[in-house]
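1. What follows is a predicted structure for the sequence shown.
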Amino acid sequence: MFKLKCDDFLTYDEETGTYSVSPDQQVRDEVEKTRWKEIGFKLLTDWRLYLMLIPMLIVYLLWRYAPMYELLSVFKDATTATDPAERGWYGLGNFAQLFNADSTYFIDFWQSFRNTFILAFYGLLFGFPLPIILALFFNEIRSNIVRSVVQVCVYLPKFMSIVVISSLAITLCGGNTANGPLAQLLIAISGGEGSNIYTEAQSGLVNSTQYFRAIYIVSDLWEHAGYDSIVFFAAIIAVSPTSYEAAQIDGAGKMQQMRYVVIPSILSTVVIMLIMKIGSLLNVSYEKVFLFVTQGSATATKPNYAVGSTVSVWANYWSSRQAAEGVAMSGEMLNNLIGMCLVIGSNMVSRKATDVSLY
Amino acid sequence: MKRKMEVSELIFKIVAYVLLIFFAVICVYPFLYALGSSFSSAAGIEQGIVLWPLIGESGNVHFGFTGEAFMWAFTETEFWIAYANTLFMTFFGTIWSLFYSILGAYALSKKRIMGRRGWNFFLVFTMWFTAGVVATYSNYVTTGEVFASIAGMDPGSWQTSIDGKWLIVIAMGMNATNIILLRNSFEGVPAEIEEAARIDGATEIQVLTKVYIPMSKATIATVALFFGISRWNGYFWAMRVLGTEASGQAYSWPVQVYLRNFLETYTQIISPAPQDWEYTQALWQGQYGDLSATACAYAIVVCSVIPILVIYPFIQKYFAKGVNMGGVKE
């Protein structure tokens, strides 16, 4: 169907009975000839725009894309030389070490890999519904003053430094002894000295392999849930008052209005946010985990390392040893590639399902 | 006519109020705990304070409200050096990030720029895939060496030099989401206004500074505050790059790194068995006597949180706006 007909580029002159190149085609030819000229011309007129782009490009090239180039040493043998440029090519040897049950890295890596998924999954399971519930509750508060005060309080943890957040969480649960207020409360609730929590809390509840994940998830909820509710609350506010009126005329009570007006109208936001969350599932904050499971420097780990360390923390831990650098990088690359597939996949699903995509 | 409230509605309302206020208290409690601890005496902390310094006597031990920890913090030079470093990194870092983000976002917001999709992909790809901690660290080291040799310093020792913090200012705190936020806001400015300005003879830079920036003030304020807060709170990369050894490097530490190091060295909050615990304990007692290191740590926490609390009421009204604009479109 794209085949050109004669008439498209030739005109028939009836007087002389000959064909000549049509004016349209002349223009097209001209454009084709001057295409490069035009690009040059555009560059000349808009050179300021391209100049403006340059600082950003440099920053992103130097500190976002250059590290990706450095990832090439994943395919090199780190044991042969200190300088990555002098190392010999190694093929997929580093990746093979991750999958080889006899290698030193095997258990540690897959443990971290598993932890990443578990923390991410629990984070989604508990961290996703809570903001929606909070937003629905916010909508119930009619008094502006009360609502503002509550909002100020619940957004607060999001803006605190991760160091402050983690040290407060660690103290409340008792970093070394059972005397953190939260640990005391939990012990009291679960039945005093005979309880399991009491035994676990003796050397710090945070260090307990049994309770670390729960503490991490709760601290995550505490940090993010309030702030994450903004987007849902905004969606609820955006519901037109006429919808409520219509529902009222049809005899709907307040609860029915929520069930049949509010929830359907925020559903699209919920779906988009869920897809986004799934997309960034593997972006478990390495800073936070790092602060929870290590001490002193990257090389000293705490007892909760076994259940807490994620792939990035694992890589950071091993990368200080030269021989392990390539393996550490390859493990992280594997993790990040899976993460990228999740992002792209969730975007495709989003585009198909809701016509809204993030990128 | 006032509608009568249903029972279910009333119950829901009460539940909403109770749970929200409960959640709000939970969110604030840890900070109150930190504040209380920072004003406590050593004996009070030993007993385990709950909210506010215990006052009274138990046996022959006095509890009480004391400002010792803050007195210590105000006279501690290393803490103020760290504080000044954080101020430095936050100030210059925010300006630098805003500078290239606004320029880049402006260029990307123009339909007439060639390869617009390509540039956007260039930006967005960094959100999908990151090289990871190991590769990024080695990249920071290399670029730091290159910059040091350009500046005429010894390339090998930039990590221990006080100028190491320039790398943190220039290289860290990148955020593609913020650039996209700015771009969307610039795209929302009506083309007619720009045309009017151009007819009046405005140059590209004048269009940006006189039309676009004033018209997207709210977004720019939001983005500036996001940048500023992430700079103020930045920990991991500053720690990785500037090191964890308490030697000369300590003079370029930001306050978060200093705080974590202090917690790990002088207190048992993070771990029951800090390295060289006996030694640091003796050192601390020799210098400050009975002063509680834990209370001092909380005093640092309180001091480092104050600037955020001060600007917090001003930024709060922008949150909803900023997050809504974050609904990225293409």
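-> It's in.
2. Buried residues in stretch A:21-34, which are they?
-> If you call a residue buried by 16 or more other CB atoms under 10 Å in any protein chain shown, then stretch A:21-34 has these buried ones: A:S22. For glycine as for every other residue, the C-beta is placed from the backbone atoms N, C-alpha and C.
3. Show me what that stretch is in contact with.
-> Contact partners of stretch A:21-34, identified using CB atoms under 8 Å, 6 or more residues apart in numbering or on different chains, comprise A:8-11, A:38.
4. which one is the closest residue to chain B within the stretch 201-350 of chain A nearest to, not counting chain neighbours?
-> Using CB to the nearest CB, the single residue of the stretch 201-350 of chain A nearest to chain B is A:E332, 3.6 Å away. Nearest non-adjacent residue to A:E332, counting by CB to CB, 6 or more residues apart in numbering or on different chains: B:G132, 3.6 Å away.
5. Same question for B:W232.
-> In space, B:W232 comes closest to B:T90 once its chain neighbours are excluded; the distance is 4.9 Å by CB to CB, 6+ apart.
6. can you pull the pLDDT of residue 133?
-> Assuming you mean chain A. pLDDT, A:I133: 92.
7. let's do chain B instead
-> In the prediction, the pLDDT value recorded for B:V133 is 89.
8. who's in contact with it?
-> For B:V133, the contact set (CB under 8 Å, 6+ apart) comprises A:286, A:312, A:315-316, A:319, A:332, B:240.
9. try B:M239
-> B:M239 makes contact with B:256-257, B:260 under the criterion CB under 8 Å, 6+ apart.
10. which of those are buried?
-> Of all these considered here, the ones buried according to neighbour count by 16+ other CB under 10 Å are B:256-257, B:260.
11. among these, which are in reach of chain A?
-> Among these, the ones lying close to chain A by the criterion of CB under 8 Å from any CB of the partner chain are B:256, B:260.
12. Switch the buried ones among the contacts of B:M239 over to TSV; also include distance to A:A214, pLDDT and secondary structure.
-> Output for those, formatted as TSV (distance: CB to CB, whole Å; pLDDT from 0 to 100; DSSP: H, G, I helix; E, B strand; the rest coil):
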residue	distance to A:A214	pLDDT	secondary structure
B:Q256	26	92	helix
B:V257	29	90	helix
B:R260	24	89	helix
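13. Run through chain B and note the low-pLDDT ranges.
-> Filtered on pLDDT under 70, chain B yields the residue ranges B:1-5, B:48-51, B:53-62, B:244-250, B:272-275, B:318-330.
14. which ones are touching the most centrally placed residue in it?
-> With distances taken as CA atoms, centre = their mean, B:N233 lies nearest the centre of chain B, 2.3 Å away. Applying CB under 8 Å, 6+ apart, one finds that B:N233 lies in contact with A:159-163, B:256.
15. How about residue 149: what's its closest non-neighbour residue?
-> Defaulting to chain A. For A:V149, ignoring the flanking residues on the chain, the nearest one in space by CB to CB, 6+ apart is B:A24 at 7.4 Å.
16. Oops, wrong one, chain B.
-> Leaving aside its sequence neighbours, B:S149 is closest to B:P155 (4.4 Å, by CB to CB, 6+ apart).
17. OK, contacts around that neighbour?
-> By CB under 8 Å, 6+ apart, the neighbours of B:P155 are B:145-146, B:148-149.
18. Name the nearest of these relative to chain A.
-> Comparing the contacts of B:P155 against chain A with CB to the nearest CB picks out B:V146 as the nearest, at 9.3 Å.
19. Can you name the helix or strand that that closest one falls in?
-> With elements taken from DSSP states H and E, the one containing B:V146 is helix B:133-150.
20. Can you list the buried residues in that helix?
-> Of the residues in helix B:133-150, those buried by neighbour count under the rule 16+ other CB under 10 Å are B:133-140, B:142-145, B:147-148.
21. buried set for the host helix or strand of A:I133?
-> Secondary structure assignment for A:I133, by DSSP H and E: helix A:129-140. The neighbour-count criterion (16+ other CB under 10 Å) identifies A:130-140 as the buried residues of helix A:129-140.
22. Mean confidence (pLDDT) on the top helix by length along chain A, please.
-> If each helix of chain A is counted by residues according to DSSP state H, the longest one is helix A:325-354. When pLDDT is averaged along helix A:325-354, the result is 86.
23. Quick check: the residue nearest to the spatial centre of chain A vs A:M348, distance?
-> Centrality entry for chain A: nearest residue to the mean C-alpha point is A:S280, 3.1 Å, by CA atoms, centre = their mean. If you measure A:S280 against A:M348 using CB to CB, to the nearest Å, the figure is 15 Å.
24. How about B:Q159?
-> In terms of CB to CB, B:Q159 sits 43 Å off from A:M348.
25. what's the answer for B:A135, then?
-> Distance, B:A135 to A:M348, using CB to CB: 27 Å.
26. Pull the most distant pair out of the contacts of B:P155.
-> Between any two of these, the greatest separation by CB to CB is 7.3 Å, found for B:V146 and B:A148.
27. Pipe the contacts of B:P155 into a markdown table and attach distance to A:H224 per row.
-> Compiled in a markdown table, the contacts of B:P155 are given as follows (distance: CB to CB, whole Å):
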| residue | distance to A:H224 |
| --- | --- |
| B:E145 | 37 |
| B:V146 | 37 |
| B:A148 | 38 |
| B:S149 | 42 |
